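# Below are the sequence and a predicted model; questions follow.
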Amino acid sequence: MTISEIMNKKKNKEKITMLTSYDYSMSRICNEANLDIVLIGDSAATVMLGYDTTRKIGMDEMLTFCKGVANGITRSLVVADMPFGSYYTGKEDSIGNAIKFLRCGCDAVKLEGGQEFIDIIKNFTSFGIPVMGHIGLKPQTTPLYHGYGSQGKTAEGAVKLISEAKALEEAGVFSIVLEKVTSEVSSIISEIIKVPIIGIGCGPHVDGQVLVIHDMLGLYKDIEPKFVKRYLDLAGKIYDAIKEYEDEVKSERFPTEEHTYHMAGEELAKLEKMLKRV
């Protein structure tokens, strides 16, 4: 999947599918399922590392996750979240950090923020670094001031979001993630903006959808947002499998002959003779 193919999906009115992934094994499954985009999200901070906020994850941790994911992908577009602070310290540092993600095998980077980061985004795109924007609820910063409530509830808030989306488009992003924005405003933005709008908690009237894979598989239950649909209770299935393993080991029902290796008879006889001389 290429940037151009993603952008053409909007023109052709084809919905875009996107999920997060943080390791090789899961990304292989995402790739085989023909997902359009796999995102190495900074949500790894919570679902993989147990932090209470995405602000606590850094470049080194994100790059490690990116290497594993990129190694499992042959079809999907691979996008990486730039973590909190990694594009705050000037153009040169920001470019250097973005390049590290591309060297790990990522196809593009995602930046949270609107007007305040337009110059950084323009700098990235001028160097040929593909950028996915992210506005609406911005988990890296929004909760510090406004909590986790939905965005675009007022006319003034809607106008601000539309202005930010336009600014991102003009700066050269190839798509925009819109998070937890009212369905009405999300629909307006999708109609006005030419690049794909990928929603999370934004209703159906956008160009694509993204979810955290641990949420939709039922692996992470510390927080259960309204916008998440659980397609599987994988945590429950994993628990059952672990308990079955524990029971079989303790009752000596595992391993069985099926899972056991043996010496050839003549080698065993030879060993027994050798042991008698020890």
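Structure received. Numbers count the residues shown, from 1 in each chain.
# got a list of what residue 179 touches?
Taking C-beta atoms under 8 Å, 6 or more residues apart in numbering, we find residue 179 in contact with 134, 135, 136, 137, 138, 139, 151, 199, 200, 201, 202. No exception for glycine: its C-beta is placed from N, CA and C like everyone else's.
# swap that for residue 209, please
Applying C-beta under 8 Å, 6+ apart to residue 209 gives the contacts 15, 16, 17, 18, 198, 199, 200.
# if we can go back for a sec, got a PyMOL select line for the buried ones in the contacts of residue 179?
The PyMOL selection below is limited to those of these classed as buried (16 or more other C-beta atoms under 10 Å):
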select buried, resi 134+135+136+137+138+139+151+199+200+201+202
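# export the contacts of residue 179 to CSV and tack on secondary structure and pLDDT?
Output for those, formatted as CSV (DSSP: H, G, I helix; E, B strand; the rest coil; pLDDT from 0 to 100):
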residue, secondary structure, pLDDT
134, strand, 98
135, strand, 98
136, strand, 97
137, coil, 95
138, coil, 94
139, coil, 92
151, strand, 95
199, strand, 99
200, strand, 98
201, coil, 98
202, coil, 98
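# Quick check: next helix or strand after the lowest-mean-pLDDT helix or strand in the chain?
The weakest-scoring helix or strand in the chain, judged by mean pLDDT, DSSP states H and E, is helix 142-146 (a mean of 68). Toward the C-terminus, helix 142-146 is succeeded by helix 155-171 as the next helix or strand (DSSP states H and E).
# Surely residue 42 is in contact with residue 140?
Yes: checked against C-beta atoms under 8 Å, the pair residue 42 and residue 140 is within contact range at 7.1 Å.
# how about residue 201, phi and psi?
phi 70, psi 30 (degrees, to the nearest 10).
# show me what contacts it?
Going by C-beta under 8 Å, 6+ apart, residue 201 touches 137, 150, 179, 180, 181, 225, 226, 227.
# Of those residues, which belong to strands?
Where those overlap with strands, as defined by DSSP state E, the overlap consists of residue 179.
# any idea which of the contacts of residue 201 has the most stuff around it?
Neighbour tally across the contacts of residue 201 (other C-beta atoms under 10 Å): the maximum, 29 neighbours, falls on residue 181.
# Please report the distance of it from residue 152.
Shown here: residue 181 relative to residue 152, a distance of 4 Å by C-beta to C-beta, to the nearest Å.
# just to revisit the earlier point, mutual contacts of residue 42 and residue 140, please.
In the contact map built from C-beta under 8 Å, 6+ apart, the residues linked to both residue 42 and residue 140 are 54, 83, 84.
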